[in-house]
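Participant: Need coordinates for the below:
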Amino acid sequence: MARGPKRPTRDEFELEELGERLVEAYQGETELQLTVWNWDEPVNGKIVRMDSRTKLVHVEYNGDITKVPFMDIMKVASSS
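Facilitator: Numbers count the residues shown, from 1 in each chain. The predicted structure follows:
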């Protein structure tokens with residue numbers, strides 16, 4: 001049963017570092033660009049909510065909210 005490409009696995013250290021960058025951006029209300037696994041386009045905007053229950057990061061850009069699964073975020077970069 002083929003399920004398509006698997007998401008690359010990352011170790012705890014990488015995930016922790018990613019989480020810290022997201023929290024910093026959230027607290028500092030910084031504009032970000034998130035590279036999300038298996039998404040065609042990067043997600044830009046500010047983190048407005050980090051939901052630990054659903055593991056979704058809510059990113060707002062021009063009034064629209066995009067909910068990104070934390071485990072699918074591959075890269076966090078400052079939006080410039």
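Participant: if you skip the residues just before and after it, what's nearest to the residue nearest to the spatial centre of the chain?
Facilitator: For the chain, the residue nearest the mean C-alpha position is I73 (4.2 Å; C-alpha atoms, centre = their mean). Counting by C-beta to C-beta, 6 or more residues apart in numbering, I73 lies nearest to L34, which is 5.3 Å off, once chain neighbours are set aside. C-beta here means a position set from N, CA and C on the backbone, and glycine is covered the same way.
Participant: So what's the gap between stretch 43-60 and the chain middle?
Facilitator: Put simply, stretch 43-60 sits 7 Å off its chain's centre (C-alpha atoms, centre = their mean, to the nearest Å).
Participant: Setting the sequence-adjacent residues aside, check what's closest to R10.
Facilitator: L18 (7.7 Å).
Participant: Show me what the one helix or strand the one you found maps to is packed up against.
Facilitator: Taking DSSP states H and E as the criterion, L18 maps to helix 12-28. Helix 12-28 sits against strand 43-51, strand 73-78, with contacts defined as 3 or more C-beta pairs under 8 Å, 6 or more residues apart in numbering; DSSP states H and E.
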